[in-house]
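Peer 1: The following block contains a protein sequence and its predicted model.
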Amino acid sequence: MSFQRIHHHIQAEIFAKLRHNDGLRYKDLKDPGLEPSQFTYHLRELIKEKLVEKTEERTYQLAPAGVELAQHFSSVKGNLNEAPLSYSLIFLRTTDKRWFIVKRAKHPHINKYACISGKMHVDETLKQAAKRELHNQTRGAVKTELEYKGYVSIMVRQKNFLTHITGPVWFADNVEPISLPQSLYGEIMWKDWRELPYGQFIPGWKEIVAMIENGGPGYLDFSHVSP
């Protein structure tokens with residue numbers, strides 16, 4: 001069972017019914033137009049994938065993994081819908097206006113200049129997620145208070161794929177430019193970003209910087225089409 005799709009429409013219909021009910025008996029869950037063997041096969045597939053479970057009361061309900069996926073189910077599409085990932089985006093600047101820049105060492109946007117960023121975890125507040133990423137990506141060397149500067153949605157459409165991230169923007173000014181080695185995240189540098197070729201930055205960089213320098217908090221809905 002992939003995250004993006006429930007592979008068969010009967011399984012999607014079962015999932016949709018259970019999404020709207022705390023529990024259903026077999027006769028209430030089954031579509032009258034389906035053969036019992038056909039319906040039972042697809043119900044068992046959902047149970048095998050640990051998305052559905054049978055209760056002691058002999059009803060069927062979403063299992064914990066199914067409840068977690070229910071937030072991604074689209075009633076319009078009748079299936080799971082891949083949503084944009086939520087990232088913490090962290091910008092740091094020194095007193096002499098140099099910025100903390102990472103030359104990314106992994107896809108997407110490999111070898112592009114970017115800020116500190118990382119996926120938010122489901123058990124974190126926005127601030128906790130930002131503090132964790134700052135600590136991990138600077139190995140605890142940069143200790144500063146982060147200021148919330150707004151929220152962004154950045155969609156980048158390239159020839160063969162689409163990336164779409166959303167998340168809060170955090171900023172700290174007058175940061176001590178501590179020397180840091182290259183990490184798994186990429187090459188680290190403190191630079192005036194305007195001295196670097198802008199075509200090598202992730203799309204949306206200067207728009208986010210402008211939002212930060214305007215005082216914020218702001219909101220940026222940015223889309224970009226790359227050749």
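Peer 2: That came in fine, so what should we check first?
Peer 1: Distance-wise, check the residue nearest the centre of the chain relative to Leu43.
Peer 2: In the chain, the C-alpha nearest the mean C-alpha coordinate belongs to Leu85, at 1.7 Å (CA atoms, centre = their mean). Going from Leu85 to Leu43 by CB to CB, to the nearest Å gives 31 Å. To be clear about C-beta, it is placed using only N, CA and C from the backbone, and glycine gets the same treatment.
Peer 1: ok, back up a step: bridging across strands, which residues link to the residue nearest to the centre of the chain?
Peer 2: For Leu85, the residues forming beta bridges with it (DSSP bridges) are Ile165.
Peer 1: In the chain, mark out all the helices, start to finish.
Peer 2: Per DSSP state H, the chain carries helices over the ranges 9-19, 26-29, 36-48, 64-70, 126-137, 205-213.
Peer 1: May I see those organised as CSV, with distance to Lys103, mean pLDDT and mean neighbour count added?
Peer 2: Below are those laid out as CSV (distance: least, CB to CB, whole Å; pLDDT from 0 to 100; neighbours: other CB atoms under 10 Å):
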stretch, distance to Lys103, mean pLDDT, mean neighbour count
helix 9-19, 42, 93, 18
helix 26-29, 53, 96, 13
helix 36-48, 44, 95, 15
helix 64-70, 35, 87, 15
helix 126-137, 13, 95, 18
helix 205-213, 13, 97, 17
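Peer 1: Out of the ones you listed, which is closest to His109?
Peer 2: The closest of these to His109 is helix 205-213. By CB to CB, the value is 10.7 Å.
Peer 1: Let me see the residues that make contact with that closest one.
Peer 2: Under the contact criterion CB atoms under 8 Å, 6 or more residues apart in numbering, helix 205-213 has outside partners 89, 91, 99, 113-115, 149-150, 152, 169, 171, 193, 198, 218, 220, 222.
Peer 1: and Ile165, what does it touch?
Peer 2: Ile165 touches 84-87, 153-154, counting by CB under 8 Å, 6+ apart.
Peer 1: Of those - the most surrounded one?
Peer 2: Ile154 (23 neighbours; other CB atoms under 10 Å).
Peer 1: Could I get the pLDDT score of the nearest residue to that one once chain neighbours are set aside?
Peer 2: Leaving aside its chain neighbours, Ile154 sits nearest to Gly204 (4.6 Å; criterion: CB to CB, 6 or more residues apart in numbering). With respect to pLDDT, Gly204 scores 96.
Peer 1: Also Ser226?
Peer 2: Looking at Ser226, its pLDDT stands at 80.
Peer 1: domains of this structure?
Peer 2: 9-80, 85-225 (automatic domain parsing).
Peer 1: Please report the distance of the residue nearest to Ile154 from Tyr185.
Peer 2: 18 Å.
Peer 1: Over to Ile90?
Peer 2: Distance of Ile90 to Tyr185, computed by CB to CB: 12 Å.
Peer 1: Low-confidence regions, the chain specifically.
Peer 2: 1-5, 181-182 (pLDDT under 70).
Peer 1: what's stretch 172-180 in contact with?
Peer 2: Contacts of stretch 172-180 (CB under 8 Å, 6+ apart): 90-95, 98, 100, 138-139, 141-142, 144-147, 188, 190.
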